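A.B. asks: Sequence and computational prediction follow.
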Amino acid sequence: MVQTNSPQQDNGKGAILRCLSLGTELLGVLGVSSYLGYKLDETFDTFPWLMLSSFFVGFLGMLYMILKDAWPMQPKDPSRVRRWT
């Protein structure tokens with residue numbers, strides 16, 4: 001018999017793992033896009049413009065992905081939001 005975790009048993013592990021994977025993905029995309037921009041700068045002798053532009057394109061793409069994933073997590077009822085006071 002396969003036992004599935006209910007939302008009460010999850011303890012937020014799924015959300016934490018998703019945030020960790022998004023952070024790792026962000027670092028990977030920014031690193032790869034910056035490296036490709038750096039190599040293109042070496043090829044076309046345009047340092048640092050292609051590296052900076054590829055960094056910001058990668059950053060904006062990842063910002064879009066993070067917002068797209070985080071938007072459905074917002075609570076529908078604002079009165080149910082836990083406060084730290």
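C.D. replies: Arrived safely.

A.B. asks: helix/strand/coil for residue 53?
C.D. replies: On the three-state scheme (DSSP: H, G, I helix; E, B strand; the rest coil), residue 53 is labelled helix.

A.B. asks: Please enumerate the helices of the chain.
C.D. replies: 7-10, 13-44, 49-70 (DSSP state H).

A.B. asks: which stretch among these comes nearest residue 82?
C.D. replies: Of all these, it is helix 13-44 that lies closest to residue 82, at 13.8 Å by C-beta to C-beta. For glycine as for every other residue, the C-beta is placed from the backbone atoms N, C-alpha and C.

A.B. asks: buried sites along the closest one?
C.D. replies: Of all the residues in helix 13-44, those buried under the rule 16 or more other C-beta atoms under 10 Å are 26, 29, 30, 33, 34, 37, 38, 40, 41.

A.B. asks: Point to the residue nearest the middle of this structure.
C.D. replies: Residue closest to the mean C-alpha point of the chain, counted by C-alpha atoms, centre = their mean, is residue 22 at 3.7 Å.

A.B. asks: residues contacting that residue?
C.D. replies: When contacts are counted by C-beta atoms under 8 Å, 6 or more residues apart in numbering, residue 22 is found next to 65, 66, 69.

A.B. asks: I figured residue 59 was touching residue 30, is that so?
C.D. replies: Yes: Residue 59 lies in contact with residue 30 (C-beta atoms under 8 Å); the separation is 6.3 Å.

A.B. asks: chain center to stretch 53-68, what's the gap?
C.D. replies: On the basis of C-alpha atoms, centre = their mean, to the nearest Å, stretch 53-68 sits 8 Å off its chain's mean C-alpha point.

A.B. asks: got the CA coordinates for it in CSV?
C.D. replies: C-alpha atoms of stretch 53-68 as CSV (Å, rounded to 0.1, in the frame of the first residue of the first chain):
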residue,chain,number,x,y,z
SER,A,53,23.3,42.0,-21.1
SER,A,54,23.3,38.2,-20.9
PHE,A,55,23.4,38.4,-17.1
PHE,A,56,20.3,40.6,-17.1
VAL,A,57,18.5,38.5,-19.6
GLY,A,58,19.1,35.4,-17.5
PHE,A,59,18.1,37.3,-14.3
LEU,A,60,14.9,38.6,-15.8
GLY,A,61,14.0,35.1,-17.1
MET,A,62,14.6,33.6,-13.7
LEU,A,63,12.7,36.4,-12.0
TYR,A,64,9.7,35.5,-14.2
MET,A,65,10.0,31.8,-13.3
ILE,A,66,10.2,32.5,-9.6
LEU,A,67,7.2,34.8,-9.7
LYS,A,68,5.2,32.3,-11.8
